[in-house]
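1. Return a 3D structure for these sequence lines:
(2 chains)
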Amino acid sequence: MSANSHETNVRCSSEAAKTFVDWYYRAINEGKPVAPGYVNGHAAYDRAGHPPADICINGLVVATPEEFDKLLEKQRQAPKQPDPNKKRVRYEVEAYDVHVINADYRFGAPQKMLDLHSPTDGMRMMMALSVMGTVYFGTGRNKDDDYWEKQSFHDRFILVPNWDSLERPAARGGRRYLVVSHNYRAN
Amino acid sequence: MAPPTGPRAGGHVNRPTVRGARGAGVGKRRATSRTDRDGDVSMDSMTKPPTGPSALSTRGGRGARGGRSARSSSRLTQNIRNYVSEHDGAVRNPKAQFNKVFIRIHGLKDSKAASNSDGGLRSLLDFLERKSSHERPITFGKGVIRGDDVWLKVNQVDAHHLLKLNGFTFAGAPLVIEESTGPIPEQGSTGGSETKTSDTKEKLLAVLASRYNIEQKLLDLSALGADQTLRTMGAFENKALAEKSFKALMRLTATRYDNAAEKESAIQAVTLANNDILDVGEVFTLAQTLPRLRRLDLSGNQLQDFHKLSKWRHEFRLLEELHLVGNPLTNLTNYPTQVIESFPSLQILDGHRVRTPEEAAEALKAWFPVPFPRLPSNLRDGENNVASTFVANFFTLYDHDRLALVRQFYDAESVFSLNMGTEPASSPYPNYSRNLEIIGVRSPSAVQRLFSGGNVIAELWARLPATRHISLEQAGEWQIDCHTFPGLADPSGQGIATGLVITVQSRFEEVDPTKQLVGTRAFSRSFVLGPSLPGAPHPYRVVSDELSLRAWVPQQTSATAQVAPAVAVPVPPPAAAPPAPPLPSDLERAQMILELSNLTGMNAQYSELCLAGLANWDFNLALRSFEEKKAELPPEAFAAPTA
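-> Next up, the predicted model:
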């Protein structure tokens, strides 16, 4: 069995996926920026010359996560709608699944992390995460609120370790994994 | 959710060890009890002689005389269990139900307590519990009023104490208490006054049916005050009654349809002309019942100004055509502009075009969030078209030869899993679904349902239903996005390799292995491709393959077209033609397919086609059309399905 399906990695990747999914969909449902969750602008990756995150939304390549945040913000605008419960876009996750695709991830890794963590530690993981659910347009904050339109969506992320935050495990907050690739499709 | 019957306040307070009470969480009335010198509980309600129902008596005030902590806690449990089982109407635990009997009590309606806010139910229960608690405290849980009777579900052992009270007088009315075989009738089923309600309902339904025009999808509610049936019913005698009747009509309209989409496609136009409407508030429920109405006629009413239209200002976002001729407000100076502004989709007002369809679509955008535009496939796989070649190969082989597919692209390090949202239990997938949202991240299934290594994957795929993906030539039905990324492990163990991530969305036909049923399923599939080990059949291999499945829902346009037949039109009562039989359920369909297949020798797939086509699930019709077209059928109609 390869390190990718080592039990520790399976467990840690599942937990990391849950943390990410919880954070990401809560943020976009509450209109908070998600750009900090992408690899762009993170020191360790910038130093190593990592390319910016690849974001492709319904076939449209979006240059930066900030631009994606703007798209999300624009989507939520319904200037004539006086009722806040008919303005929201709400994503409801119905299923997600994650695979470790490189248990020995090294890009931009500080030497300390390579020395400390072996590929079966559930730390240096590159992961492919897919999420499926329903997105409601023109709806309220709560599940089962009335909506104007809905679509099924599928999000696929590739996540890599956030060396800056993994190096300092005591530091709270800060995302432990960052998005290097994001593909969204809804219909 | 607090149980309606709290712990019997007295029983445990005097006990130093209140085992039963601690942790029950519902001991809020404890403070009202008092203990006398020898530690027994004495409560006011116990010392007073019973005086029939009192407005002040509360169920929590009923005391358990001399209850013991152990019993009181077990009774508390019992009460909670009673409450739970009665509350949701379903027998959750049949074991706990075998000693229950149903008691029907008649006479509450004639008592003075009937005018209480709860119909006197609470007072009656207080009375009965007080009267039957001679030997030991007895509680009866929660009763329900159905028609003129009160129904109780009580313990067998308590029942005879209760039956002894037959003939007692409660608040001036004699009670008839008898055991019944149950079950408790549903709310709204036949009972004295309910017969009248259902009679009214039928009459109103007849009115609706006679006013529905199926060709135009029009519900004609014009001049309701002049309607003969409604007049004889007195439904529109005065303004208040008319508003109520209209609400009832709307409610009934809504109940005729199973879902919003069906309702939307069946009723696209309504006329409310000539109803003397002064303010649309009087008929506001129309907006709630038919929010996606396309055409509305309000001509010949008495709407004075825009304010009288304002209650609908944020409704009918899809309204395309509106008629207001004959209302005083049409004479106001800013008449058309203000109305056009209020209804973003409005294109025709009083017969004049006021917006083009494009302008209307644009105006609507200001009202609701708009989904991201949908662009075709975005393939960025370099010069060699690796992704297009892979995808074309992959899905052809997945449909025809999965073993060959695994041998080509999967090795010992490849990982596969599939996941789906909620799915009926009969699905061929759930035992394999690695949906972490449902199974949880720490579940052993999260490990077991991750299939690692080509052999394991091939073994699983052999057990999955046969599929047929739609042709890749139908480019509009596929969205394939891909790009390369750095950071994969090089199989040599040294350095970093470039990976290719491909995300595919489309649908496939699937054959249920147990029932041989054909169905369509939507899927998303994400592949991560990386370089192969030296000596592998292909320069690249599948590192990760995640398959997400969900029910396939046809696009809106085709859905609307499909609902066109009179599936749920308001049907006139028996006098006219009998209503069309409801479409059979999936199970019934499966049986019909099997039956037809047995009779004709056609395989399941063709049997289903035959039934689902013109016959529209009419078995005899399907059989007849088979006999007619037998000669034209291709030989594969009788061949065993290809797996």
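2. could you pull out the helices for chain A?
-> A:7-29, A:43-47, A:65-76, A:111-116, A:163-166 (DSSP state H).
3. right, so of the ones you listed, which gets closest to B:Arg122?
-> helix A:7-29 (43.1 Å; C-beta to C-beta). Where C-beta positions appear, they are placed from N, C-alpha and C, glycine not excepted.
4. What residues sit buried inside the helix or strand hosting B:Phe102?
-> Per DSSP states H and E: B:Phe102 is located in strand B:100-106. Buried residues in strand B:100-106, defined by neighbour count with 16 or more other C-beta atoms under 10 Å in any protein chain shown: B:Lys100, B:Val101, B:Phe102, B:Ile103, B:Arg104, B:Ile105, B:His106.
5. Show me what the mean pLDDT comes to for the next helix or strand after it.
-> Later in the chain than strand B:100-106, the nearest helix or strand by DSSP H and E is helix B:121-132. Averaged over helix B:121-132, pLDDT sits at 86.
6. for stretch A:26-38, same thing?
-> pLDDT averaged over stretch A:26-38 gives 93.
7. And for stretch B:232-250?
-> 82.
8. for that stretch, the distance to its chain's centre please.
-> 30 Å (C-alpha atoms, centre = their mean, to the nearest Å).
9. Let me see the residues that make contact with that stretch.
-> Stretch B:232-250 is contacted by residues B:200, B:203-204, B:207-208, B:221, B:224-225, B:227, B:230, B:282-283, B:285-286, B:288-289 when judged by C-beta atoms under 8 Å, 6 or more residues apart in numbering or on different chains.
10. change it to 6 Å
-> B:Lys203, B:Leu204, B:Gly225, B:Leu230, B:Glu282, B:Val283, B:Thr285, B:Thr289 (C-beta atoms under 6 Å, 6 or more residues apart in numbering or on different chains).
11. Name whatever forms a beta bridge with B:Val542.
-> On the basis of DSSP bridges, B:Val542 is bridged to B:Leu529.
12. mind checking how far it is from B:Phe451?
-> Going from B:Val542 to B:Phe451 by C-beta to C-beta, to the nearest Å gives 12 Å.
13. which of the two has more neighbours?
-> B:Val542 (26 against 23; other C-beta atoms under 10 Å in any protein chain shown).
14. which ones are touching the more buried one?
-> B:Phe409, B:Tyr410, B:Ser414, B:Phe527.
15. likewise A:Arg141?
-> So A:Arg141 contacts nothing (C-beta under 6 Å, 6+ apart).
16. Please enumerate the strands of chain A.
-> A:54-57, A:60-62, A:88-102, A:126-139, A:149-161, A:177-186 (DSSP state E).
17. And the helices in the stretch 201-350 of chain B?
-> For the stretch 201-350 of chain B, the helices defined by DSSP state H, counting those that start in this stretch occupy B:228-233, B:239-255, B:260-266, B:285-289, B:335-342.
18. For these, give me TSV that also has mean neighbour count and distance to B:Val176.
-> Output for those, formatted as TSV (neighbours: other C-beta atoms under 10 Å in any protein chain shown; distance: least, C-beta to C-beta, whole Å):
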stretch	mean neighbour count	distance to B:Val176
helix B:228-233	13	34
helix B:239-255	17	34
helix B:260-266	18	45
helix B:285-289	18	41
helix B:335-342	16	59
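19. out of the ones you listed, which comes closest to A:Asn58?
-> helix B:260-266 (23.6 Å).
20. Any idea which of the helices of chain A gets closest to chain B?
-> Set against chain B and scored by C-beta to the nearest C-beta, those come closest in helix A:7-29, at 3.8 Å.
21. ok, and for the closest one, which residues are buried?
-> Applying 16+ other C-beta under 10 Å to helix A:7-29 flags A:8-10, A:12-18, A:20-21, A:24-25, A:27-29 as buried.
22. B:Gly530 is in contact with B:Leu500, correct?
-> No - assessed by C-beta atoms under 6 Å, B:Leu500 is found out of contact with B:Gly530, at 7.7 Å.
23. Can you list the neighbours in contact with stretch A:149-160?
-> By C-beta under 6 Å, 6+ apart, the residues outside stretch A:149-160 that reach it are A:126-137, A:177-187, B:371, B:503, B:524, B:526.
24. Low-confidence regions, the stretch 501-643 of chain B specifically.
-> B:513, B:554-592, B:596, B:598-599, B:610-622, B:624, B:626-643 (pLDDT under 70).
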